[in-house]
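# Show me the folded form of this:
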Amino acid sequence: MKKIIFILLLLPTFIYSQELNARVSVNFEKLSPASKERLVEFGKQVENYLNQNKYTGQNWEGDKINCSFTIFFLSASDELHYTAQVVVTSQRPIYNSHRNSLMLSVLDTKWSFRYEKNQILYFDPSTFEPLTSFLDFYAYVIIGYDSDSYDPLGGSDLYAKAYDLAVLGGNSSSSSGWILSNSSYSRRAFIEDIRNSQFRQFREDFFNYHYNGLDEFYKDKAAAQKHMVKLINDLYSVIDKINRRSVVLKVFFDAKHAEFYKYLKDYPDKDIFKKLKKIDPSHTSTYEDRKSTRLNSSHIPLSRMPSSA
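Numbers count the residues shown, from 1 in each chain. Modelled structure (predicted):
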């Protein structure tokens, strides 16, 4: 794997037990002063939980994965029960450069859980718990995405663990967000899509896009662009046969649309943007932009921020 080779070239070599370098921020604006006081340590506790657990069960080789959880509290029904919306993002370094690639950018609007001030958060993925299982689900997805980008289908075991949590959540008394719904995003729909054999080629192209495309862009631009374009062409060839409301495609293009424009805007075959508009019509304005576009990989699109922020 490129990640392992890259790390071996560094002195000293770092091998981490944990996989995530998570940053957690919390917005309490909609809560009462009493509720805010009970949650004063919540963000730090969640951050420690994500960063101190070992999700793969193995030593993690290479850099920890930079990710963020921005939590917007919506209500507190009593001293123990809360609802929130969360923006989850993750990044991956682009090798041979000092840039990062935005891998994941999700607005999850349905998180309900019980929390007692200063309670200890226990890691037990075999048991469903509305607070920690939500965090575990996204930890598995983040690590799965990262693994898929370095090794074809490398995230499969992580997605299986996330799926198990989604099933447990859907069968629990706190099933909101864990069951299939007509909304544009649900955890269950997302994890079912990514594990569906219909998206196997997409996942293989996802690897190729990052490993042989982005990572090689600053060494051999023309060759790298061809690898990146392969993902678009393969999707275009099957787009009429797959679900246009696929949550996996929505999540992918929400994170990648600006990146496609940045790295392919001078690609010789301009039809590539016509194909992108068909595959991903929600970001047509990006693909039609012929002006200089600044890409910030850590940017959370304003359209995806909760209105209460």
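
# Helices along this structure, start to end?
Along the chain, the stretches classed as helices by DSSP state H are 2-8, 33-38, 42-52, 130-150, 156-170, 187-195, 200-208, 221-238, 247-264, 271-279, 284-288.

# got the buried residues for the top strand by length along the chain?
Counting by DSSP state E, the longest strand found in the chain is strand 99-114. Using 16 or more other C-beta atoms under 10 Å as the test for burial, strand 99-114 gives 99-113. (Each C-beta comes from the backbone N, C-alpha and C, glycine too.)

# And for stretch 179-193?
179, 185-193.

# Stretch 42-59 too?
So stretch 42-59, judged by 16+ other C-beta under 10 Å, has buried residues 42-43, 45-47, 49-51, 53, 55-56.

# between those, which is nearest Phe217?
For these, the minimum distance to Phe217 (C-beta to C-beta) is 28.2 Å, reached by Thr56.

# per-residue pLDDT, that closest one?
Looking at Thr56, its pLDDT reads 93.

# Looking at the protein, name the residue that lies furthest from the middle.
Distance to the chain centre peaks in the chain at Ala34, reaching 32.8 Å (criterion: C-alpha atoms, centre = their mean).

# Identify the residue spatially nearest to that residue, adjacent ones excluded.
Excluding the flanking residues, the one nearest Ala34 by C-beta to C-beta, 6 or more residues apart in numbering is Glu79, at 8.0 Å.

# Point to the residue nearest the middle of the chain.
Geometric centre of the chain, nearest residue: Leu104, 2.7 Å, by C-alpha atoms, centre = their mean.

# I'd like to know the beta-bridge partner residues of the nearest residue to that one once chain neighbours are set aside.
Spatially, and ignoring its direct neighbours in sequence, Leu104 is nearest to Ser90 (4.4 Å; C-beta to C-beta, 6+ apart). For Ser90, the beta-bridge partners are Cys67, Leu104 (DSSP bridges).

# what's around Ser90, how many residues?
For Ser90, the tally of surrounding residues (other C-beta atoms under 10 Å) stands at 28.

# pLDDT at it, what is it?
98.

# Verify the stated contact: it with Tyr145.
Yes: using C-beta atoms under 8 Å, Ser90 is in contact with Tyr145, at 6.5 Å.

# and for these two, which residues touch both?
Jointly contacting Ser90 and Tyr145 under the rule C-beta atoms under 8 Å, 6 or more residues apart in numbering are 103-104.

# Next, find the distance separating Pro281 from Phe253.
To Phe253, Pro281 is 10 Å away according to C-beta to C-beta, to the nearest Å.

# which of the two has more neighbours?
Phe253 (21 against 11).

# my guess is that one meets His283, correct?
Yes: assessed by C-beta under 8 Å, Phe253 is found in contact with His283 at 6.0 Å.

# Run a quick neighbour tally on the closest residue to Ser77 other than its chain neighbours.
Leaving aside its chain neighbours, Ser77 sits nearest to Thr83 (7.8 Å; criterion: C-beta to C-beta, 6+ apart). Using other C-beta under 10 Å, Thr83 has 17 neighbouring residues.

# Show me the beta-bridge partners of Thr83.
Per DSSP bridges, the residues bridged to Thr83 are Ser75, Ser112.

# start at 22 instead
Got it, first residue is 22 now, which makes that one Thr104.
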